[in-house]
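**Student:** Model the following, please.
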Amino acid sequence: MLLQLTPTSTFSDSTNNGTYSTEIGQVIYSVISPWRLGSPQTVIYRTVADLPDPLPDALFNQDGQVLSSGSSRRSGFFKFAEIDFHSWSPTIIRYNGKSYSEHELFEQGVFFERST
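**Tutor:** Below you'll find the model as predicted:
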């Protein structure tokens, strides 16, 4: 599936938000990255539109706000992952109820290779 990134914030509001949607405009992921001092955090929400029942208990709109009880649960999003960025220690990724260091999930690449 091809996903298209659409930024939903501007430089002036100090956030890095966006949505990932299909070619026909259905939002699949919503990414919320509010500006904050210290260790920035990004939260990734995923649509529940194509998930089988039972749906997650806590549902949100694509802006990360809790859905009201009158809202359609099939139009909601659930918290898919959280990323805590760190400068001096590894970035932490929380997904599926577990926490992972960036080093556990991604291999470190080689920047320069010596030619022989």
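
**Student:** Remind me what the helix or strand in which residue 30 is found packs against, helices and strands.
**Tutor:** Applying DSSP states H and E as the criterion places residue 30 in strand 27-32. If you count contacts as 3 or more CB pairs under 8 Å, 6 or more residues apart in numbering; DSSP states H and E, strand 27-32 packs onto strand 18-21, strand 41-47. In short, each C-beta sits where N, CA and C put it, glycine included.

**Student:** and that strand, which strands flank it?
**Tutor:** Here strand 27-32 is paired, per DSSP bridges, with strand 18-21 (antiparallel), strand 41-47 (antiparallel).

**Student:** what's the spacing between it and its chain's center?
**Tutor:** Here the centre of strand 27-32 is set off from its chain's centre by 6 Å, with CA atoms, centre = their mean, to the nearest Å.

**Student:** any low-confidence regions in this structure?
**Tutor:** Where the chain drops to pLDDT under 70, the residues are 1-3, 5, 7-15, 68-73, 107-116.

**Student:** how about the strands of it, start to end?
**Tutor:** Here the chain has its strands, by DSSP state E, at 4-7, 18-21, 27-32, 41-47, 77-84, 92-95, 98-101.
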